[in-house]
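*Asks:* would you be able to build a 3D model of this:
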Amino acid sequence: MRKFFTLILAGIAAVACGNRTQRPAAAQPTIVEPRYYGYTVRQSYPHSTESYTQGLQFVDGKLLEGTGQNGKSVLQETDLATGRTRIIARLKPSEFGEGITRLNGEIFQLTWTSNTVHVYDAATGRETRSARYAGEGWGLTTDGEKLYMSNGSATIYRIDPATFRREGSVTVTCKGEPLELLNELEWIDGKIWANIYTTDWIAVIDPATGVVEGLVDLRGLLPEEERTPETDVLNGIAWDAATGRIFVTGKNWSRIFEIEINER
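*Replies:* All right, here's what the predicted structure looks like:
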């Protein structure tokens, strides 16, 4: 089951940071005009169209991927050159996998509505523990010390990786208005990049203030001739910190793209 329900109400208008409601002057937040970016494809790689991508991370030369759908959710390693996958762990059929991240020798994998994060030993793939959390799980990333989690709203939570307890939160705003539908997350050069669900846009967020400083327009990335009825939305951001490469893909997409962004 896909997460279309009432969240579609935010629509693409939210992505453009428009339709602001009027507030009393005293309540108006600081409005920052985001920078707008296009993209150049540097390279593309094969991607399994069976992978309903929910989380993506590139670390130590390996591409980790978490997938969704009840009965099909896995944590896997994807070979960039061939697109072949190696399954590290499978979730229960009742669980819908969500965002992933690796920190301190552990891999964390969220679930959508099961309120559970699974934690694996990165070296062996063995599940070592799990923890419960309130509400839904969508995206997950790390700054190297803490975890950051989205739940489809405009809120990003800062999480203690040892206990998975919330230590704080920030409301993400674009031109002064809350920006909802924050999905997959990736930490890139001190900023949080977030897929905006149901759209082809990525928000570049200041993690301290929640302000959207940039919007990346990835419309047209996957060619029409590679789309099928099973092809779903853009989702999945990975950063190779060693080289600065940025990888993006989507749910059931046939390709993973290495991109460079260009300010308009």
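*Asks:* okay, CA-based contacts and neighbour counts for the rest of this
*Replies:* Will do.
*Asks:* can you list the buried residues in the longest strand along the chain?
*Replies:* The strand that spans the most residues within the chain, counting by DSSP state E, is strand 35-46. Using 16 or more other C-alpha atoms under 10 Å as the burial criterion, the residues of strand 35-46 that qualify are 36-39, 44-46.
*Asks:* show residues contacting it.
*Replies:* By C-alpha atoms under 8 Å, 6 or more residues apart in numbering, the surrounding residues in contact with strand 35-46 are 80-83, 213-218, 254-264.
*Asks:* same deal with stretch 112-130?
*Replies:* Applying C-alpha under 8 Å, 6+ apart, the set of residues contacting stretch 112-130 is 88-89, 95-98, 102, 105-111, 131-138.
*Asks:* so for it, mean pLDDT?
*Replies:* Model confidence over stretch 112-130, given as mean pLDDT, is 96.
*Asks:* next, the buried residues of it.
*Replies:* Applying a neighbour-count criterion of 16+ other C-alpha under 10 Å, one finds 112-114, 116-122, 125, 127 buried in stretch 112-130.
*Asks:* where does it sit relative to the chain's centre, distance-wise?
*Replies:* Averaging C-alpha positions (C-alpha atoms, centre = their mean, to the nearest Å) puts stretch 112-130 18 Å from its chain's average.
*Asks:* now the end-to-end length of that stretch.
*Replies:* The distance separating the two terminal residues of stretch 112-130, taken as C-alpha to C-alpha, to the nearest Å, comes to 14 Å.
*Asks:* what does stretch 83-101 give?
*Replies:* In stretch 83-101, first residue to last residue: 20 Å (C-alpha to C-alpha).
*Asks:* so which bits of that stretch are buried?
*Replies:* Of the residues in stretch 83-101, those buried by neighbour count under the rule 16+ other C-alpha under 10 Å are 83, 85, 88-91, 95-101.
*Asks:* quick one: which two of the residues you listed are the most distant?
*Replies:* Based on C-alpha to C-alpha, the longest span within the buried residues of stretch 83-101 runs between Gly83 and Glu95 and measures 24.7 Å.
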